[in-house]
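dropping a prediction and its sequence here:
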Amino acid sequence: MSNAAPNLVMIDCHDLGRHLGCYGRSAVPSDAIDALAADGVRFDGAYATAPQCSPSRASLYTGRHAHDVGMLGLAHAPFDWALHPGTRYLASYLQAAGWATHHVGVQHVAHDTPENVRALGFDTHDASHALAPDVAAHAAARIEDADGPFFVNVGFFEPHRHDDGRFGVHPPYDARGVDVPPYLPDVPDVRAEMAAVQGAIHALDRGVARILEAVDARPDARDTWVVFTTDHGLALPRAKASMYDPGVGVALVMRWPARGLVGGRSVDALTSHVDLVPTLLEGLGLPLPAELHGRSLWPLLRGDAEAVHDAVYAEKTFHTAYEPQRMVRTERYKLVANLEVDILNVPADVLRSPVTPHVVDTIAEERPPLELYDLTADPDERTNLADDPAHADVRRRLAADLLAWMRATDDPILDGPVPSPYRAAALRALGAEGGGTA
């Protein structure tokens, strides 16, 4: 492969959703990401395939839904979910085709050892537990030193909460005011929390700015494809770990001057994280494997189509507990199947938030088997229409669609409750032969 091949810089971060200035949050200090959107293409209908870290990232980087590649929960101990052996990761396709592949920062799909990250297809791995300034410095150095063609994959921790429930060492930011999402009450505790969120986003944005400076300084900057996205929504009630739009709606921005991805265009069509691998492979001139679930977004980028999906899908099986849900979303409607009753949809880090007590009555409730929302009439998803006779046809159609997707993608939950890897570990501790299987 000649050095004329394009470069790829793909940046992801934890727990951001669409909480950025370029998505209408004017108080949020996201100047560098907003400028990237103003220079490139912003996707306004992008959705994660899971409202939680490891499953959403598994789909983002394999082009297949999480349950089909074995990532039904979090990858770190004590949960220990892992990709099925032989699952291809984006980096492995590029490495095999001649790109130098570098990972910097968080990946959260495999146990964070050099051996595991190399197995994903990366030549190098730096700054795995660092915060934004150090991650950005390492990433910028890789970009500045690369001869090309290269793939630099950057994972920022921010704006994830830390173990103590706070948003880390970054100071709160309220110089432009505080942007309170519409799904939360505007009370002092929430405003203080959102200022802390904005401080973490500011640190993330400064890191993105440093990376973009390194890209723009290269002689081949025009032929360097930059992609920015996040894994799922903010670590707040009714967002992270929930199937509401604040949990599964994500930012997706890209810029590639050499291929016309410029000009501050916006794409309104429904898109899924599972579409990124086929999109990237097609754009880089590589073949698309038949086993991918996603669809290339190049028809949208070229203006050849107005849509590539009638619907997008999401799932949750385990977070810190067994909370199985499946979701289908169209432009207007959303259907959520709750496969257990006691689904809190609030992960441990969000439970520590001072925001949670203000909304506990709306999150600690028994889940019906199905939830149906009219997103046009009820954008905050407050009124469940699953038992409304006037919406019986919509419910029937979406239920059939969701079930067909589960069957087509070999969803193991169709065969019964799914045990986690922890079960096998517990059986081994009891002395059971082999420990069972996950």
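That came through, no problem. Residues are numbered from 1 along each chain as shown.

CA atoms for contacts and neighbours, from now on please.
Noted.

did I read that right, Phe151 in a strand?
Yes - Phe151: assigned to a strand according to DSSP: H, G, I helix; E, B strand; the rest coil.

just checking, it touches Pro6?
No - using Cα atoms under 8 Å, Phe151 makes no contact with Pro6, being 9.2 Å away.

higher neighbour count, these two?
Taking other Cα atoms under 10 Å, Phe151 and Pro6 do not tie; Phe151 has more neighbours (27 against 22).

how far away is the more buried one from Gly86?
21 Å (Cα to Cα, to the nearest Å).

quick one, helices of the stretch 1-150 of the chain?
Counting by DSSP state H, counting those that start in this stretch, the segments of the stretch 1-150 of the chain that form helices are 31-39, 53-62, 66-69, 90-96, 114-119, 132-145.

any idea which of those helices is most buried?
Mean neighbour count (mean count of other Cα atoms under 10 Å) peaks for helix 53-62 among the helices of the stretch 1-150 of the chain, with a mean of 28.

quick check, pLDDT for Pro149.
Reported pLDDT at Pro149 in the predicted model: 97.

next one: Thr362
So Thr362 comes in at 75 (pLDDT).

how far off centre is the strand or helix carrying it?
Using DSSP states H and E, Thr362 sits within helix 356-363. Computed by Cα atoms, centre = their mean, to the nearest Å, the separation of helix 356-363 from the middle of its chain amounts to 24 Å.

pull out the buried residues from that helix.
Residues of helix 356-363 classed as buried: Thr356, Ile363 (neighbour count, 16 or more other Cα atoms under 10 Å).

wait, doesn't Met254 sit right on Val227?
Yes - using Cα under 8 Å, Met254 is in contact with Val227, at 4.3 Å.

tell me which of these two has more neighbours.
Each of Met254 and Val227 has its neighbours counted (other Cα under 10 Å); Met254 has more, 25 against 21.

what is the host helix or strand of that one packed up against?
Using DSSP H and E, Met254 falls within strand 252-255. Applying 3 or more Cα pairs under 8 Å, 6 or more residues apart in numbering; DSSP states H and E, we find strand 252-255 packed against helix 31-39, strand 41-43, strand 224-230.

sheet-wise, list the partners of that strand with their directions.
strand 41-43 (antiparallel), strand 224-230 (antiparallel) (DSSP bridges).

all strands of this structure, in order?
Secondary structure of the chain (DSSP state E): strands located at 7-13, 41-43, 46-47, 100-105, 124-126, 150-156, 224-230, 252-255, 265-267, 271-272, 312-318, 322-329, 333-338, 370-374.

now tabulate the ones you listed in a markdown table and tack on distance to His162.
Output for those, formatted as a markdown table (distance: least, Cα to Cα, whole Å):
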| stretch | distance to His162 |
| --- | --- |
| strand 7-13 | 14 |
| strand 41-43 | 29 |
| strand 46-47 | 25 |
| strand 100-105 | 16 |
| strand 124-126 | 20 |
| strand 150-156 | 13 |
| strand 224-230 | 17 |
| strand 252-255 | 24 |
| strand 265-267 | 33 |
| strand 271-272 | 28 |
| strand 312-318 | 20 |
| strand 322-329 | 23 |
| strand 333-338 | 29 |
| strand 370-374 | 32 |
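
related to what we said a few turns ago, go through the strands paired with strand 252-255 and name the closest to Arg407.
Comparison of the strands paired with strand 252-255 against Arg407 by Cα to Cα identifies strand 224-230 as nearest, at 27.6 Å.

could you give the angle of that closest one to helix 31-39?
120 degrees (axes from the mean of the first three to the mean of the last three Cα atoms, to 10 degrees).

quick check: closest non-adjacent residue to Thr87.
Val69 (6.6 Å; Cα to Cα, 6 or more residues apart in numbering).

please apply the same query to His162.
Once flanking residues are discounted, His162 sits nearest to Gly168: 5.7 Å by Cα to Cα, 6+ apart.

what do you get for Asp275?
Gly294 (4.1 Å).

just Ala221 next, same as before
Nearest residue to Ala221, sequence neighbours excluded (Cα to Cα, 6+ apart): Val215, at 5.7 Å.

need the contact list for that neighbour.
By Cα atoms under 8 Å, 6 or more residues apart in numbering, Val215 lies in contact with Ala140, Ile143, Glu144, Ala221, Thr224.

can you check the pLDDT for the third one?
Okay, so that is Glu144. pLDDT, Glu144: 97.
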